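Chemist: Turn this into a structure:
(2 chains)
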There are 2 protein chains.
Amino acid sequence: MAEDNSIFVGGKPFMNYVTAVVMQFTTKNADEVLIKARGKFISRAVDVAEVAAKRFLDGQIEPKEIRVDSEEFQNKEGKQVRVSTIEIILGRK
Amino acid sequence: MAEDNSIFVGGKPFMNYVTAVVMQFTTKNADEVLIKARGKFISRAVDVAEVAAKRFLDGQIEPKEIRVDSEEFQNKEGKQVRVSTIEIILGRK
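Modeler: Numbering: from 1, shown residues only, chains lettered A, B, ... in the order given. The predicted structure is shown next:
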């Protein structure tokens, strides 16, 4: 999967991400799209995947693989914190 | 998997859920634990799974399967809304 098939979900308007996913499958004819997010944006990444797969491309795409992980790092106050990550691979049915 | 091996993540204190997951594996000797959540609590469910698997039971358990889905329903204002769901199955390595 080419790197530009991946969409990193953050704080921009929700439909920006949905449109980006749908366009990868339609105008760019991608076979797979990778949706990534960290921390509180994980819920949003799932929403993006579900709206793309169920509302816009219903019957055409589905989640192929979902991975979760986490990274530990030191925050500004010098405290060890852990942030969770998700990767959702959407593919054609 | 018995139904009481499932933990539904919501708005209670974070460590309640982590403890519940860890106890299923330790004192109840479960082989698998199902973590479920809806909407904005999805991020939290991933955090619970990661903290249980990486901090408390490191090297012993891992995510075996992750499913996402969504349900459409009518809200109080009579509007169709979609809510995403996640199920994370943690199992022994």
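Chemist: Give the other helices and strands that the top helix by length along chain A contacts.
Modeler: Ranked by residue count, the top helix of chain A under DSSP state H comes out as helix A:14-25. Helix A:14-25 is packed against strand A:6-8, strand A:32-38, helix A:42-51, strand A:80-92, with contacts defined by 3 or more C-beta pairs under 8 Å, 6 or more residues apart in numbering or on different chains; DSSP states H and E. C-beta: built from backbone N, CA, C; applies to glycine.
Chemist: Please work out which residues outside it touch it.
Modeler: A:5, A:7, A:9, A:30, A:33, A:35, A:44, A:47-49, A:51-52, A:56-57, A:60-61, A:90, A:92 (C-beta atoms under 8 Å, 6 or more residues apart in numbering or on different chains).
Chemist: Could I get the contacting residues of A:Val48?
Modeler: A:Ile7, A:Val9, A:Phe14, A:Tyr17, A:Val18, A:Val21, A:Ile35.
Chemist: Report the buried members of those residues.
Modeler: Buried members of those, counted by 16 or more other C-beta atoms under 10 Å in any protein chain shown: A:Ile7, A:Val9, A:Tyr17, A:Val18, A:Val21, A:Ile35.
Chemist: circling back to that earlier point, which one of the contacts of A:Val48 sits closest to chain B?
Modeler: A:Ile35 (10.4 Å; C-beta to the nearest C-beta).
Chemist: OK, contacts around the closest one?
Modeler: Contacts of A:Ile35 by C-beta under 8 Å, 6+ apart are A:6-7, A:9, A:17, A:21, A:45, A:48-49, A:86-90.
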